[in-house]
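K.L.:
Provide a 3D model corresponding to the input given below.
(chains A and B)
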Amino acid sequence: MSRSLILLLLGFVLQQKLWSQKTLKDTAIKIVNLEEVSIINEKDDKNQAFNFYRNNKLATTEDILSRMQGVNLIKRGAYGLEPTLRNYGSGQSNLTIDGMRIYGACTDKMDPVSIYVEPGNLNSIQVSHGAAGALEGSTIGGQISLKLKEPDFNCHNKISGQVAQSYMTVNNGYNSSLALQQSNKKFAYRISGTFRKADNYYAGNQLLINNSGFQKTNTNVVLMYKPRETQVLKFDFLGDWGKNIGFPALLMDVGFAKAQIFSFTHQLDIKNSYFIKNELKVYYNTITHQMDDTHRSNSPMHMDMPGWSKTMGFYNDLRGKNNFKLRLDYHHAYTRADMTMYPVNEPDMYMQTLPENNLNDLGLAASRSFSFKRKQNLNVNARLDVYSQSAASGIGSQQWKVYNTDITQAKNDVLKNVNLAYSKQFKENTLLQLSTGYGERIPTSNERYGYYLFNRQDQYDYIGNLNLKPEQSYQLELLFKQELKKVSYSVNVFYHHIENYIYAYRMIGYSQMTIGALGLKTYRNINYAISKGFEANVKIQLLEKLSYIGTVKYVNAQTYTGIPLPLVPPLKLQEALRFNPGLFLFQFEHDYGMKQSRVNIDYGDRITSSFHLYNIRASKNFRIKSTVLQASLACENIFDNSYREHLDIGTVPRFGRNFSINLNFIF
Amino acid sequence: MLKLLLNLILISSTLGAFSSCKKKSSTPEDIIETPVTNESTLIKIGETYLLGAKAKAVIYANKAFETGYNEVYVSLLDSLDGSKLNNCHFSLSPSSNDGSGNQNLPCENSNDSLAVNGYFASAAIFTKAGAASQCFLNFSIHNHKNNLYGSGSLGVAVLAQTPIKVTSLSTTDNSTFVIALISPATPKVGINDFEIVLQKKSPGSNFAAVEDYKIEIDPVMPSMGHGSPNNVNPTHRGKGHYSGKVNFTMTGLWRVNLKLTHNDSLITSAPFIELSIK
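P.N.:
Numbers count the residues shown, from 1 in each chain, chains lettered A, B, ... in the order given. Take a look at the predicted model:
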C-alpha cells in the first residue's frame, strides 16, 4: 500500500514534467546561486542552508532550524522543539525575535521562543556560535536571531498576499494561513494569521503516539509609517495561542499557551556621516502557559502547573561604516511557575516551583571590522552586561527558607564577552578565519530559584542553587572555506573550554517532591567542561539542473573528569539532492544520525541507535494571470522507520511515514 | 446511687489532679504563657460554683474546646460579693467518660497563687471529642481569702479537630503516652516553630510531664510520600514541652511522624500529628 503511494507520488512528479508549464523564477524551492553567497560574508554562508530550505512551505521554522549549521533540536512532542546550538541549551544560548528578549513561561521548556514564528512570517534566521553571537546578550553558546517579515513601501496601493493550505497524513494535520499586505509611499501594513491543528501522530511501524496532537492560532500584525525617506516607525504585534498541546515524552500536556509580543521600532537612516543607521526598539511580551494532566489517564492525582513570563525592554542599535555597531539595551524579565495538586478530601497542595523572580539586565555592546592589506580582516565585538536577579518575597521565598536560603537578596553579576575574528582571503575564493572568544552567561532562574522541578530525563527533582557563579567560556574556532566553480564547501572546527560549568549533582539524604521521582538534585559549578567538534558544509552543482547540499555536524563535550555532558548530539549528516529540470523541481533528502554511546548516565541519557531517514519532495508552480499557485508534495520517512534522535526526551519515536501536500496561492 | 458514685469519681479525680499538679512545682513557670489580657479575644466557655470555697469559676478559652491542647483561662470570683479572687491556689483537670468509665486526661497548671491579669492560666488536653455530658473540667481551689477549700466541675463540649493534633498510645507496660501539638497553631509554608507536650500515665498514677525523652520528627506528605529538609528535632524545654523547627515545602496535609527514645532505647515510632497548611 505504502509503496504504491510512493510510486503514485513519483508518478505525479513525472507527470508534471510532461506538462510543459512555464517556470517561474520564484519557485517554491529556490536554488541559491553560488554567486549570491559572498564568500567573505560569514553571515550569508551560515544562511546557505536556510536559503536552501526556507522556501519549502511545508517546513516549520524548526525544520529549517534543524538543517542549519550547528543547530540541533530537543524534542518533547510533535510541537515546540527546543533549538540548541551545538550542545548549548536555551540557558547557554540566546534566541531572539527581531532582537527582542523573550523568556519561556514553562519550566519544562515546552515553549521555546521559536514556536512563535510561523514559517510564513519568517524573513531570516541568523545563527552565530559562541561569543561571536554575544552582541545582543551575554552568551557562551551563541545566538539564533529570527527576523519577522515586514511589508515593503511601494506606491501601487494594491492588496497582495498569500493563502496557504497544507495537510499531512501522519497526524491528520492541517495548516492554514493567510497573509495580506498593502502599502503606499507612507503607510504599509502586513497582517497574517495561521491556524494549525493536528491529531496524535503515527511513529514508524504504525505506532500511534498518544497525547501528541495540538492546535494553535498565530497572528502577526505589522504597521509601518514612513514620515520621510530616512525615517520609519513600526508597530509589531505577534500573538500565538496554543491549545491542548500534547507532550508524549512528559508527564503532562499543555492546556493552553498564550504569547503576546508587542514592539515599537523607530528606524532612522543617517546620511553623510560615519554612521549609517539607528534603530530604537521598545518591546513588551507576556507569555502564559498552563500545563495540565486532564488528558492523562495514569496521573496519580490531578495537577495544574501554570507559568508566567513578562519581559519588557528596549535596545538602541547604531550602525556605521566598517561593520560598526554600537548597541545599548536593557530588559526586565519576570518569571514564575506554580504547581497545584488536588487530592481527594484534603487541602490543595500548592508550591511555587519557580518562585516569582525578577531579572534586570543592562548591556552595552560594540563591534567593528578592521581591514588590513593582503585581504586581511579583523572583526572585533565586545559586550558588557550588568545583571541583577532576585526573587520576590512571598510564598516562593518562604519555601526556600527551609533550605536556610534567602532568595530575595539580589544576585548581581557583571558579564564580559569579547570575540576577535581574524580572517585572510587567499585568491578570490578561499578564506581562512581564526576566532578567539570569551563569553559568560548567568545561571538561569531555574538554576538559581527552581524548587523541585521534575526532570523527565533522569527522573529527579531539581532545586536551584542561589550561589551559582556565571559560566565562563574560552573559545577557539577555525573556519576554512573555499568556493570553486562547481563546488563550495566550508569546514569549521571549534574548541570551547567552559569554566564554572553548571552541572547537576545528587543531594544525598533529601527527599523528592514529585510522586515517582528518584530523589533530589541541585546544581553546582564544576571546574570546567570542554566542548569540541566541527561542522562541514558542501554544495555541489553536479549538473546544470542537479545540485547537492550536505552538512555534517559533530560535538564532543565532557566534564573535566571525562564524563560526557548530557544531551550532546552524535554526528549527524543531512544531505539533499535537488533536481530542477525546469518544469518542476524535486528534492531527495537523506538524514543520518550516528549511534550516540557517549551518554551521561546520571542525567538519564540513553544510548541512541543510528538511523537513516529518507524524504522526497516535489514542487511545481502554476501561473494564473498575475497570480501564482505553488503546489508541493512530500513523502517524509519513506521507509516508515521507527527512530528517535538522541536529543529526544523519553523514548518516544519520531514521525513515521508522512505524506503531505501544500498549496500556496500568491496574489 | 449512680450519681453519688459519679460525684465520688469526679472528686477523687479532681483531688488527684490537684496533687499531681502540685508535684510539678519544681518546673519552670514560663511554660504557660502570660494570659491574654484583652478579654475580648477570649470566649466564655461556662461557669460553675466551687463548692466549699465560696467561689465561682468563670472559664474562658481562645476558642471552643477541641481535641488536643487547649489553653484555659479561669477567672475566680467571690460567690458572695462577686469580687475577683486573685490570690488562690487553683488547678483544673480534664476528664472524660464515654460510658466505659472515667478517664483522667493530661493537664497543666500554674502553681503560682496569684492570678495574672485576673486569670489563672491552665491547659487541658483532650484526646477525644465528646458532648458536655462526656467531657469535663474539674476544679480544685484553696481560697486564700477565706482559707477554704472547694471543688467544682463543668461539662464541656469538645469538638473533633482535624487533622489530628493529639495522639495517645499505650505501651506494653500499660503506660499511656499523650502527645499534643502546641505550635504551630497556624502552620505556614517555610520554617515553623514546632512545640509539643509529652505526658505519661503509669498504671495507678496520673499523667505527668515526660522530661528526659529524645524526640525525632519526620514530616511527610502522606498523599505524595515525600518529606521536607532541615527540620530541627524538638528538645526538652521544661514541663514536658519539647520545641524544635518543622519545615513545610508546600501547602496541603502534612503528617509529622514522631519517634520517641529513652536512654537510647526506642519507646515508639508510631505516633504522629497532622497539620493542614493552606
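K.L.:
ok, stretch A:296-304 near chain B or not?
P.N.:
Yes - Stretch A:296-304 is in contact with chain B by CB under 8 Å from any CB of the partner chain, via A:Met301. In this view, the C-beta of every residue, glycine as well, is placed from N, C-alpha and C.
K.L.:
so where does the residue nearest the centre of chain A fall, helix or strand?
P.N.:
Chain A has A:Pro83 as the residue nearest its centroid, 4.0 Å off, counting by CA atoms, centre = their mean. Assigned by DSSP states H and E, A:Pro83 belongs to strand A:82-85.
K.L.:
which strands and helices sit next to that strand?
P.N.:
With contacts defined as 3 or more CB pairs under 8 Å, 6 or more residues apart in numbering or on different chains; DSSP states H and E, the packing partners of strand A:82-85 are strand A:71-74, strand A:93-97, strand A:142-148.
K.L.:
Quick one, which of those strands gets closest to chain B.
P.N.:
Taking CB to the nearest CB, strand A:71-74 is the member of the helices and strands packed on strand A:82-85 nearest to chain B, at 27.7 Å.
K.L.:
A:Asn157 - how many residues pack around it?
P.N.:
Using other CB atoms under 10 Å in any protein chain shown, A:Asn157 has 10 other residues around it.
K.L.:
likewise the one 10 residues further on?
P.N.:
Residues within reach of A:Tyr167, counting by other CB under 10 Å, total 14.
K.L.:
before we move on, what about A:Ala333?
P.N.:
A:Ala333: 20 surrounding residues under other CB under 10 Å.
K.L.:
these two touch, right, it and A:Glu356?
P.N.:
No - using CB atoms under 8 Å, A:Ala333 is not in contact with A:Glu356, being 11.4 Å away.
K.L.:
Any stretches of chain B with poor pLDDT?
P.N.:
B:1-40 (pLDDT under 70).
K.L.:
what does it have sitting close to chain A?
P.N.:
Residues of chain B lying near chain A by CB under 8 Å from any CB: B:188-191, B:221, B:223-230, B:247-253, B:276-278.
K.L.:
Is it possible to mark the buried ones in those?
P.N.:
Buried subset of these (neighbour count, 16 or more other CB atoms under 10 Å in any protein chain shown): B:189-191, B:221, B:223-224, B:226-229, B:247-253, B:277.
K.L.:
avg pLDDT for the strand holding A:Pro83?
P.N.:
For strand A:82-85, mean pLDDT is 90.
K.L.:
which ones are touching the residue nearest to the centre of chain A?
P.N.:
Residues near A:Pro83 by CB atoms under 8 Å, 6 or more residues apart in numbering or on different chains: A:62, A:65, A:71-73, A:90, A:95, A:112, A:114, A:144.
K.L.:
cutoff 7 Å now
P.N.:
Contact analysis of A:Pro83 by CB atoms under 7 Å, 6 or more residues apart in numbering or on different chains lists A:65, A:71, A:73, A:95, A:112, A:114, A:144.
K.L.:
Repeat that for B:Gly68.
P.N.:
Shown in contact with B:Gly68 (CB under 7 Å, 6+ apart): B:125-126, B:161, B:165-166, B:180-181.
K.L.:
Name the residues of stretch A:269-278 that are buried.
P.N.:
So, applying 16+ other CB under 10 Å, buried residues of stretch A:269-278: A:275, A:278.
K.L.:
And the pLDDT for A:Ala59?
P.N.:
The confidence metric pLDDT takes the value 63 at A:Ala59.
K.L.:
Actually, A:Phe622.
P.N.:
The model's pLDDT for A:Phe622 equals 85.
K.L.:
Flag every residue of the stretch 201-350 of chain A that's near chain B.
P.N.:
Proximity of the stretch 201-350 of chain A to chain B, by CB under 7 Å from any CB of the partner chain, involves residues A:301, A:343, A:346-350.
K.L.:
Not counting its neighbours along the chain, what's nearest the residue nearest to the centre of chain A?
P.N.:
Closest residue to A:Pro83 apart from its sequence neighbours, by CB to CB, 6 or more residues apart in numbering or on different chains: A:Leu65 at 5.1 Å.
K.L.:
Selection in PyMOL covering whichever of the contacts of A:Pro83 are buried, please.
P.N.:
PyMOL command restricting the contacts of A:Pro83 to the buried ones, with burial defined by 16+ other CB under 10 Å:
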select buried, chain A and resi 65+71+73+95+112+114+144
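K.L.:
so can I have a markdown table of the contacts of A:Pro83 showing distance to A:Gly509?
P.N.:
Compiled in a markdown table, those are given as follows (distance: CB to CB, whole Å):
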| residue | distance to A:Gly509 |
| --- | --- |
| A:Leu65 | 42 |
| A:Val71 | 40 |
| A:Leu73 | 37 |
| A:Leu95 | 38 |
| A:Pro112 | 35 |
| A:Ser114 | 40 |
| A:Ile144 | 41 |
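K.L.:
so which of the contacts of A:Pro83 comes closest to B:Asn111?
P.N.:
Among the contacts of A:Pro83, A:Pro112 lies closest to B:Asn111 (CB to CB), at 69.8 Å.
K.L.:
so how far is chain B from the closest one?
P.N.:
Per CB to the nearest CB, to the nearest Å, A:Pro112 is found 28 Å from chain B.
K.L.:
ok so, going back, so which of the buried ones among the residues of chain B next to chain A are in strands?
P.N.:
Among those, the ones falling in strands (DSSP state E) are B:190-191, B:221, B:226-227, B:247-248, B:252-253, B:277.
K.L.:
May I see the contacts of B:Gly68 arranged in TSV, with secondary structure as well?
P.N.:
TSV is the format used below for the contacts of B:Gly68 (DSSP: H, G, I helix; E, B strand; the rest coil):
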residue	secondary structure
B:Ile125	strand
B:Phe126	strand
B:Gln161	coil
B:Lys165	coil
B:Val166	strand
B:Ala180	strand
B:Leu181	strand
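K.L.:
Give me the PyMOL select line for those residues, limited to the buried ones.
P.N.:
Only the buried entries of the contacts of B:Gly68 go into this PyMOL selection, using 16+ other CB under 10 Å:
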select buried, chain B and resi 125+126+161+165+166+180+181
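K.L.:
Tell me the bridge partners for the residue nearest to the centre of chain A.
P.N.:
Beta bridges link A:Pro83 to A:Leu73, judged by DSSP bridges.
K.L.:
measure it to chain B for me?
P.N.:
Noted for A:Pro83: a distance of 33 Å to chain B, by CB to the nearest CB.
K.L.:
Ok, A:Ile498 next?
P.N.:
Applying CB to the nearest CB, the value for A:Ile498 to chain B is 30 Å.
K.L.:
Tell me which residues touch that residue, please.
P.N.:
Contact analysis of A:Ile498 by CB under 7 Å, 6+ apart lists A:140, A:471-473, A:528-529, A:531.
K.L.:
Am I right that it is in a strand?
P.N.:
Yes - the assignment for A:Ile498 is a strand, going by three-state DSSP.
K.L.:
Look up phi and psi at residue 150.
P.N.:
Using chain A here. The phi/psi pair for A:Glu150 (degrees, to the nearest 10) reads phi -140, psi 160.
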